[in-house]
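Asks: Provided below are the primary sequence and the corresponding predicted coordinates.
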Amino acid sequence: MKIIRTKNYQELSKKASELIVALLQKKPQATLGLATGSSPLGLYQNLINHYNNKDISFKNVVTYNLDEYCGLPRLHPQSYYSFMYQNLFSHIDIKDENVFLPNGEASDLEAECKNYNALLDKANIDIQILGIGSNGHIGFNEPGTPFSQETFIVELTSKTREDNKRFFSSLDEVPTKAITMGINNIMQAKMIILIASGKGKAEAIRKLINGPVSVDFPASILQKHPHTIVIIDEEASILL
Ligand code: GLP
């Protein structure tokens, strides 16, 4: 695992976007694995800026998102589909047909997991962007998830629902389930970039980098990935 320490969130977002820009300049038909949450927002804004400056194009880029809430309509403001359009896709030249997210509204969620997993099996993701949950979750792979896990329906922990409550008007509105890529899917990416900022992530970053590899802290498996880059700001690195 390569660790890049930056001064602040702005610098972290710049470093992460430089890696993606370099990939897209070398391989305009690249495949990206994308994440939601507040961590990648600065990265996405930088990618939009680079697109506007004509440094990169997304017209041949294909994307797969990590996860989606179950039971929220696709156009609900807090669905991950809406998040991705609001914060990235609506501002760049990506083709709708090249954008993939699990469908959390599917009538048969098990079948949806199988479909999404089959897509991922063929995806060949060049770079997977990840944030990290305070309990070590990646995507929505909560503690205890086997490392061999493929796309599945997850019951969100109360900690994760509590963490994500800030996006909803009350805890009751936070969905209880999501569809997520499994850890095994995430580990197939050729390169993984995990970004974390702020002191709220410091303990998670300590366990990610120095802790034992254990299903109790799902992100720890990234220690075994051949090409993971962890980009953190000063506050997230205080416990290292
Ligand atoms: C959610 C997402 C994760 C994300 C995590 C951290 O639970 N499913 O993919 O990494 O939140 O979010 P944030 O970046 O807002 O701290």
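Replies: Nice, thanks for sending it over.

Asks: stretch 58-70 vs the ligand: in contact?
Replies: Yes - judged by Cβ under 6 Å from any ligand atom, stretch 58-70 and the ligand are in contact via 66-67. No exception for glycine: its C-beta is placed from N, CA and C like everyone else's.

Asks: start and end of that stretch, how far apart?
Replies: 28 Å (Cα to Cα, to the nearest Å).

Asks: what average pLDDT does that stretch get?
Replies: Mean pLDDT, computed over stretch 58-70, is 98.

Asks: give the buried residues for it.
Replies: 58, 61-70 (16 or more other Cβ atoms under 10 Å).

Asks: P28: which of those residues is nearest?
Replies: Among the buried residues of stretch 58-70, V61 lies closest to P28 (Cβ to Cβ), at 7.4 Å.

Asks: distance-wise, check that closest one relative to E105.
Replies: Using Cβ to Cβ, to the nearest Å, V61 is found at 25 Å from E105.

Asks: state the pLDDT value of N164.
Replies: If you check N164, the pLDDT there is 89.

Asks: one more: T160?
Replies: 87.

Asks: circling back: got the buried residues of stretch 58-70 as CSV, with distance to T180 columns?
Replies: CSV is the format used below for the buried residues of stretch 58-70 (distance: Cβ to Cβ, whole Å):
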residue, distance to T180
F58, 24
V61, 22
V62, 19
T63, 16
Y64, 12
N65, 10
L66, 6
D67, 4
E68, 8
Y69, 10
C70, 10
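
Asks: redo those as CSV? Include distance to L32 and secondary structure.
Replies: Formatted as CSV, these follow (distance: Cβ to Cβ, whole Å; DSSP: H, G, I helix; E, B strand; the rest coil):
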residue, distance to L32, secondary structure
F58, 9, coil
V61, 6, coil
V62, 7, strand
T63, 5, strand
Y64, 8, strand
N65, 10, strand
L66, 11, coil
D67, 15, strand
E68, 16, strand
Y69, 21, strand
C70, 24, coil
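
Asks: report the two of these separated the most.
Replies: Taking Cβ to Cβ as the measure, the buried residues of stretch 58-70 span a maximum distance of 27.8 Å, between F58 and C70.

Asks: for the residue nearest the centre of the chain, give me its contacts.
Replies: For the chain, the residue sitting closest to the mean C-alpha position, by Cα atoms, centre = their mean, is A35 at 2.4 Å. For A35, the contact set (Cβ atoms under 8 Å, 6 or more residues apart in numbering) comprises 65-66, 129-131, 139.

Asks: quick check: closest non-adjacent residue to it.
Replies: I129 (4.8 Å; Cβ to Cβ, 6 or more residues apart in numbering).

Asks: likewise for T157?
Replies: T157 sits nearest to E142 (Cβ to Cβ, 6+ apart), 5.0 Å away.

Asks: residues near S214, how many?
Replies: S214 has 14 neighbours, counted by other Cβ atoms under 10 Å.

Asks: equivalent analysis for L208, please.
Replies: 28.

Asks: mind checking the SS state of it?
Replies: At L208 the chain is in helix, as set by DSSP: H, G, I helix; E, B strand; the rest coil.

Asks: cool, I179 as well?
Replies: Once three-state DSSP is applied, I179 turns out strand.

Asks: need the pLDDT of R206.
Replies: The model's pLDDT for R206 equals 98.

Asks: coming back round to it: is the residue nearest to T157 in contact with I153, as I believe?
Replies: No - between E142 and I153 there is no contact under Cβ atoms under 8 Å: 12.0 Å.
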